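S.K.: Fold the following, please.
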Amino acid sequence: MEDDKYAKELDVAVRVVHMACALCQRVQEGLVSASTDQVKSKDDDSPVTIADWSVQATVSWILSEFFGSQNVSIIAEEDVQTLSKADSVGLLQAVVNTVNECLAGAPKYGLKGPSKALTTSQILEAISRCNSVGGPKGRHWVLDPVDGTLGFVRGDQYAVALALIEDGKAVIGVLGCPNYPMKKELLNYHYQYHEAMSKSSPPSPDIWERGCVMYARKDSGEAWMQPPIHGDKKFEWPNSAKLIRVSSIDDPALATSCEPVEKANSNHSFTEGLAHSVGLRKKPMRVYSMVKYAAIARGDAELFMKFARTGYKEKIWDHAAGVVIVEEAGGVVTDAGGRPLDFSKGPYLEGLDRGIIVCSGATLHEKIIDAVYASWDSSNL
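M.R.: Predicted structure coming up:
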C-alpha cells in the first residue's frame, strides 16, 4: 500500500529522535549547571559538545541495528578526529557513558537496545559510520545531532534533525526541539523570561511545558507534533500527536519573520533591507537553529530568509528535515530564485540561487521572491 511507504522508517526515526532529545536534555542540564570541558571547538570554531557525538552514535547504532548496517547510509555533521586525540580521554569516556545510558533506555521508546554496554571502539565505529557523501541515487539518512550548539550550550533553543533522502529527494523529516514549548503562549513567556535573565542563569526546566517532536512524510499533506516523553512514561504511538498547519497570514505587514541569533554565516544587512522593502513591520523572532522551521510549520511565524555570506556553503543537514515538515504543513521552501532545494548533490546544497526562503504560503512567498529580484540589483552580497 502506497500510504505505508516509509511508515517503518518514520516510526523508528520519530522514536530515536525522542531518545536523542532526552539525552540532550540531560547533557544540557549538566552543561548549564557546571563549567566543564564538555564543549570543544571545531575547525570552523563552532562549538561541539558530548551531546553531538552521543546523539550521532545513538542514532547511528539504532538505525544500523534496525535496518542492518549494510543497508544504512548516514550523512552527519561530526567526525571522530577530536574524540580520538590523546587529550580527549575524559571527553570520550563521557560520550561512552552518555551513549550507554541512553541506549539502556531504548525499550521505553519501543526500541531494542544492546544486550550489554557498548565498548569505546563500538561507539567510535558508530560515529564514524556516518561518513556517507550522499548523492542522487539510493537512500541516505541525514543527521544534525545538535543543530544550534551555541543555543544548546547557553540553555536556549536547539534541534535534533533527522531526515531520509531517497534518490535525491527528502522524503521524511523529524525535528526534535527539546526547549520549544508545545503551546505558543508559553513560547512568548519563555522569550520574555529569557530576555530578563543573564546568560549565566538559564531558566529552570519546569518553568514551561517544554519540548516537542515534529515529523512529516513527503506527499502525505500532513505534519504532526508530539510532546516529549517525561519521567517513567513509555512511548506509545501516536503519543498524543497533533496535526500542525502553517499560518494563513499572507500580508507582510502582519507577518512575523524568524532571524538567526548569530550573524556569523548570514548577510543580515541584505535581509533587513529586504524585510523593509517588502513591508515587514513586526519585531522578528530571533531563534537558534532549525527551530525556525518548526516555528513556521506550526504557525508561530510566517517567514524565514537566509542569505549566506560569501564563501559559506549551506549544508543539507541544516535544512532537509525542516523542509519536509514545513512543506507538508502547507508552507513553501525554495531558494531565492524560486527553485526547490536540491538534496541530490552530496553534503552541500550546491547550485543554491543566492539564499533560502521559507514561507507559510504561496502568496507571501511570491511577494518575497519579487522583492528579492527588486532589491538584488541595488545590493552587493
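S.K.: From Asn97, how far out is Gly90?
M.R.: As judged by C-beta to C-beta, to the nearest Å, Gly90 and Asn97 stand 11 Å apart. C-beta here means a position set from N, CA and C on the backbone, and glycine is covered the same way.
S.K.: same deal with Leu303?
M.R.: 42 Å.
S.K.: neighbour-wise, which of the two wins?
M.R.: With other C-beta atoms under 10 Å as the criterion, Leu303 and Asn97 differ in neighbour count, and Leu303 comes out ahead with 29 against 14.
S.K.: Would you confirm that the more buried one contacts Ser257?
M.R.: Yes: the criterion here is C-beta atoms under 8 Å, and Leu303 meets it with Ser257 at 4.3 Å.
S.K.: Now the common contact residues for these two.
M.R.: Both Leu303 and Ser257 are contacted by Leu280, under the criterion C-beta atoms under 8 Å, 6 or more residues apart in numbering.
S.K.: longest single helix anywhere in this structure?
M.R.: The longest helix of the chain (DSSP state H) is helix 7-33.
S.K.: buried set for it?
M.R.: Buried residues in helix 7-33, counted by 16 or more other C-beta atoms under 10 Å: 9-10, 12-25, 27-28, 30-32.
S.K.: got it, and stretch 71-89?
M.R.: 72-80, 82-83, 88.
S.K.: among those, which are in strands?
M.R.: Members of these lying in strands (criterion: DSSP state E): 74-76.
S.K.: for the residue nearest to Asp167 when sequence neighbours are not counted, helix, strand, or coil?
M.R.: In this structure, Asp167 finds its nearest non-sequential neighbour in Lys137, 6.0 Å apart by C-beta to C-beta, 6 or more residues apart in numbering. State at Lys137, reduced to three classes by DSSP: H, G, I helix; E, B strand; the rest coil: coil.
S.K.: does Lys137 really touch Lys169, like I thought?
M.R.: No: look at Lys137 against Lys169 with C-beta under 8 Å: they stay out of range, at 11.3 Å.
S.K.: between those two, who's got more neighbours?
M.R.: Using other C-beta under 10 Å as the criterion, Lys137 and Lys169 rank with Lys169 on top: 16 against 10.
S.K.: wait, what's in contact with that one?
M.R.: 218, 343-344.
S.K.: Out of those, flag the one nearest to Thr271.
M.R.: Phe343 (23.5 Å; C-beta to C-beta).
S.K.: Confirm for me that the closest one is in contact with Ile165.
M.R.: Yes: at 5.1 Å, Phe343 and Ile165 qualify as touching, with contact defined as C-beta under 8 Å.
S.K.: shared neighbours, the two?
M.R.: Counting by C-beta under 8 Å, 6+ apart, the residues touching both Phe343 and Ile165 are 134, 142, 316, 320.
S.K.: Neighbour-wise, which one of those residues leads?
M.R.: Neighbour-wise, the shared contacts of Phe343 and Ile165 (other C-beta under 10 Å) top out at Ala320, 31 neighbours.
S.K.: Can you give me the pLDDT of that residue?
M.R.: Here, the pLDDT recorded for Ala320 equals 98.
S.K.: and what of Glu209?
M.R.: At Glu209, pLDDT is 63.
S.K.: Next: Lys199.
M.R.: Predicted confidence (pLDDT) at Lys199: the value is 43.
S.K.: pretty sure Val324 is touching Val171, no?
M.R.: Yes: at 7.2 Å, Val324 counts as touching Val171 under the criterion of C-beta under 8 Å.
S.K.: More neighbours: which of these two?
M.R.: Val324 (31 against 22).
S.K.: still on that earlier bit, with pLDDT as extra columns, can I get the buried residues of stretch 71-89 in a markdown table?
M.R.: Below are the buried residues of stretch 71-89 laid out as a markdown table (pLDDT from 0 to 100):
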| residue | pLDDT |
| --- | --- |
| Val72 | 96 |
| Ser73 | 97 |
| Ile74 | 97 |
| Ile75 | 97 |
| Ala76 | 95 |
| Glu77 | 87 |
| Glu78 | 87 |
| Asp79 | 87 |
| Val80 | 89 |
| Thr82 | 85 |
| Leu83 | 88 |
| Ser88 | 86 |
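S.K.: Identify, from those residues, the entry nearest to Gly279.
M.R.: Of all these, Gly279 sits closest to Glu77, with 36.5 Å by C-beta to C-beta.
S.K.: next one: phi and psi at the closest one?
M.R.: The phi/psi pair for Glu77 (degrees, to the nearest 10) reads phi -80, psi -40.
S.K.: the helices in the chain, which residues?
M.R.: Going by DSSP H, the chain shows helices at 7-33, 50-67, 89-104, 120-128, 149-153, 184-196, 268-278, 291-297, 320-328, 362-376.
S.K.: Would you mind listing the outside residues contacting the last one?
M.R.: By C-beta under 8 Å, 6+ apart, the surrounding residues in contact with helix 362-376 are 249-250, 252, 255, 270, 273-274, 277-278, 302-303, 305, 332, 334, 336-338, 354-355, 357, 359.
S.K.: Go again with 7 Å.
M.R.: 250, 252, 255, 273-274, 277-278, 302-303, 305, 332, 336, 338, 357, 359 (C-beta atoms under 7 Å, 6 or more residues apart in numbering).
S.K.: Buried only: go through those residues for me.
M.R.: 250, 252, 255, 274, 278, 302-303, 305, 332, 336, 338, 357, 359.
S.K.: out of the buried residues of stretch 71-89, who's nearest Glu328?
M.R.: Taking these together and measuring to Glu328 by C-beta to C-beta, the closest member is Ile75, at 21.5 Å.
S.K.: show me what contacts that closest one?
M.R.: 130, 132-134, 140, 142, 316-317, 347.
S.K.: again, only this time at 6 Å
M.R.: 132, 134, 140, 142, 347 (C-beta atoms under 6 Å, 6 or more residues apart in numbering).
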